[in-house]
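>>> okay, sequence plus prediction incoming.
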Amino acid sequence: MTRPGAYTDVFREQHAATLTGVAATAAAARAGDLHHATTAAQRVVAAGRHLLHSVVRDALGTDLDWWQVGELLDMHPQAAFDTYATLADSTRTPAQQRPQLAVVCTAGLAAEHDMNTEHGIDLDDLDPQHSLTIDPP
C-alpha cells in the first residue's frame, strides 16, 4: 500500500517551480509580454490538473470508494469513476462497490428492480408522466 500523500509529494517535488510561477506570470502580463504570460498560465493550469490527479490517486490509495471520492470532488460517483478510474491500478465501479445504492435506468423505460426500502423511490410511486415511466419516442 502506498503511504498517504505519496503521489502529491512526488507532484510537489516535480512541479513546485511551475506553481510558484504565478507571480512571474502576473509580472509578464504587467510588462505586456502576453505570450510569456499565456504560456506560463497554461503551465499552471496543466500543473493544477496534475495536482488534482495526484490527490485523487492518494485518496484511492487510502481505500476510499468512488462514492467518497465523488463527494470529495463534488461529482457523482460514476462521473468520478469515469474521469479518474485510469489512475487506480484496479478498481470496481461505484455500482459494484455499493450495489444497494445503484439503480439501473433503461433509456426511459420503466425497469423492474428490487428496491432497497432505505434508498430512493419505487417506480410505481412516480407520476405517470415522469420520464422513467414513458417510452421514448
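Happy to help now that I have it.
>>> could you check how far residue 16 is from residue 10?
Residue 16 sits at a distance of 11 Å from residue 10 (criterion: Cβ to Cβ, to the nearest Å). No exception for glycine: its C-beta is placed from N, CA and C like everyone else's.
>>> remind me which residues of the protein are low pLDDT?
In the prediction, the chain carries residues with pLDDT under 70 at positions 1, 103-123, 131-137.
>>> biggest helix in it by residues?
Using DSSP state H, we find that the single longest helix of the chain is helix 34-61.
>>> now it: how far from the chain's centre is it?
Distance, stretch centre to chain centre, for helix 34-61: 15 Å (Cα atoms, centre = their mean, to the nearest Å).
>>> ok, stretch 85-104 next?
13 Å.
>>> alpha carbons only: can I get it in CSV?
Output in CSV follows, covering the C-alpha atoms of stretch 85-104 (Å, rounded to 0.1, in the frame of the first residue of the first chain):
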residue,chain,number,x,y,z
ALA,A,85,-10.5,5.2,-12.8
THR,A,86,-7.4,5.1,-15.0
LEU,A,87,-5.5,6.5,-12.0
ALA,A,88,-6.2,3.4,-10.0
ASP,A,89,-4.4,0.1,-10.5
SER,A,90,-7.6,-1.9,-10.2
THR,A,91,-11.0,-0.8,-9.0
ARG,A,92,-14.6,-1.7,-9.0
THR,A,93,-17.3,0.5,-10.3
PRO,A,94,-19.5,2.5,-7.9
ALA,A,95,-22.4,0.1,-8.5
GLN,A,96,-20.1,-2.8,-7.7
GLN,A,97,-18.9,-1.1,-4.5
ARG,A,98,-22.3,-0.2,-3.2
PRO,A,99,-24.9,-2.2,-5.1
GLN,A,100,-27.6,-1.3,-2.6
LEU,A,101,-27.4,2.3,-3.9
ALA,A,102,-27.1,1.5,-7.6
VAL,A,103,-30.2,2.0,-9.8
VAL,A,104,-30.3,0.9,-13.4
